[in-house]
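Q: need a structure here:
(one chain, ligands or ions: 2)
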Amino acid sequence: MKIDRRTFLETLGGSTAIALMSDEAKADALEHHLLSQTNAVQKFPTAAEIEAQIDTKPTRKGAGNLFVAREGNVTRLAPLPQRPTLADYFKLRFVATSNHCLQSANRAMKNGMSEEIILACLLHDTVQELIKVDHGWWSAQMYEPYVSEKVAFGIRYHQALRFYEDKALGYEYPDLYRRIYGSDYRPEPYIERTYQMVRQHKWYLAPRMVTVNDLYAFESNVNPVLEQFTDIIGRHFKQPAEGLGFDNSPSAHMWRSLSMPDHPL
Ligand SMILES: [Fe+2]
Ligand SMILES: [Fe+2]
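A: Ligands and ions are numbered 1, 2, ... in the order given. Model prediction:
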């Protein structure tokens, strides 16, 4: 497919904004740009067509970003400091997901969401560096020792709620899912049951607002930085003194796996 170079670069916010982007963020932006053009001219695949792709790829779709090269070989990772903080993971490990999460948190902030919702948006998809399948549950488990119950609830259940519209609150089923799950995809029964439970829950708005502020296409001219959220992290994220991965919490092993994904066993 031919792309109009100038139009694409303009959507990124010009040369200053581009200079601040990581190579991964640029690759993501290009992918989104190409997909947005593709969507305009192609119909969505069916769920059966998506299913038929499974044994045509060397890796499974649920594998985490850190463990799979987009093309060629994986890159050598910089070691984390001895007592790594959330910011260290953002800068050195959440390479493929940070831009998306920063944009979601930025949107939540602009929409006047509470600090807990902004934090849930900031963290919601970062576990996809480790594992993508059932990422809401994995992500909530990873963050549970360090955030409030409500933040973890928002993170865990955004995964189920994203398949169900709530137009009154501004959430419509995104075309992205027609493309990646298939036009006739129906969520599994456990997702449906989870949705029904959360719909009645007193904290329904927490995961719902994560979906409302989620990004389903690369937003041009928006390149938020982590420092914008330093105060919110300071107030709502319990950074362990020993460093994430070394505090013996129930999810410390998940952080170590992100820290050292090249350990063979
Ligand atoms: Fe998500
Ligand atoms: Fe997301």
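
Q: near ligand 2, which residues of this structure show up?
A: 125, 214 (CB under 5 Å from the ion). Where C-beta positions appear, they are placed from N, C-alpha and C, glycine not excepted.

Q: Quick one: the helices in the chain, in order.
A: Secondary structure of the chain (DSSP state H): helices at 5-11, 14-19, 23-41, 47-51, 86-92, 98-110, 115-123, 135-143, 149-161, 175-180, 189-199, 205-213, 230-236, 252-259.

Q: quick one, what contacts the residue in the stretch 51-200 of the chain that ligand 2 sits nearest to?
A: Taking CB to the ion, ligand 2 has its nearest neighbour within the stretch 51-200 of the chain at D125, 4.3 Å off. Residues in contact with D125 (CB atoms under 8 Å, 6 or more residues apart in numbering) are 97, 100-101, 104, 135, 139.

Q: again, but for L169
A: Here L169 is in contact with 205, 208-209, 212 (CB under 8 Å, 6+ apart).

Q: Just among the residues you listed, which is most surrounded?
A: Sorting the contacts of L169 by how many neighbours each has (other CB atoms under 10 Å) puts M209 first, at 25 neighbours.

Q: how much space between it and ligand 2?
A: 12 Å (CB to the ion, to the nearest Å).

Q: With I233 instead?
A: Following CB to the ion, the distance that separates I233 from ligand 2 is 18 Å.

Q: returning to that earlier point: closest one of the contacts of L169 to S114?
A: M209 (8.5 Å; CB to CB).

Q: isn't the closest one right next to M113, touching?
A: Yes - counting by CB atoms under 8 Å, M209 does reach M113; the two are 5.9 Å apart.

Q: out of the helices of the chain, which comes closest to N223?
A: The nearest among these, by CB to CB, is helix 14-19 at 5.0 Å.

Q: wait, what's in contact with the closest residue to A120 other than its chain neighbours?
A: Using CB to CB, 6 or more residues apart in numbering and skipping residues adjacent in sequence, the residue nearest A120 is G154, 3.7 Å away. Listed by CB under 8 Å, 6+ apart, the contact set of G154 reads 116-117, 120, 124, 203, 206-207, 209-210.

Q: Next one, pLDDT for L215 please.
A: On pLDDT, L215 comes in at 86.

Q: So for the closest residue to it other than its chain neighbours, what's the pLDDT?
A: Of all residues not flanking L215 in the chain, Q103 sits nearest, at 5.0 Å (CB to CB, 6+ apart). Note on Q103: pLDDT of 95.

Q: what does E219 give?
A: Listed pLDDT for E219 reads 71.

Q: OK, contacts around it?
A: E219 neighbours (CB under 8 Å, 6+ apart): 103, 107.

Q: Could you check how far the closest residue to ligand 2 within the stretch 151-265 of the chain is from E242?
A: Using CB to the ion, the closest approach of the stretch 151-265 of the chain to ligand 2 is made by D214 at 4.2 Å. Noted for D214: a distance of 32 Å to E242, by CB to CB, to the nearest Å.

Q: These two: who's more crowded?
A: Ranked by neighbour count (other CB under 10 Å), D214 and E242 place D214 first, with 22 against 14.

Q: ok, now which ones touch the more buried one?
A: 104, 121, 124, 158, 162.

Q: what do you get if the cut-off is 10 Å, keeping everything else the same?
A: 100-101, 103-104, 107-108, 121, 124-125, 158, 161-162, 171, 174, 176 (CB atoms under 10 Å, 6 or more residues apart in numbering).
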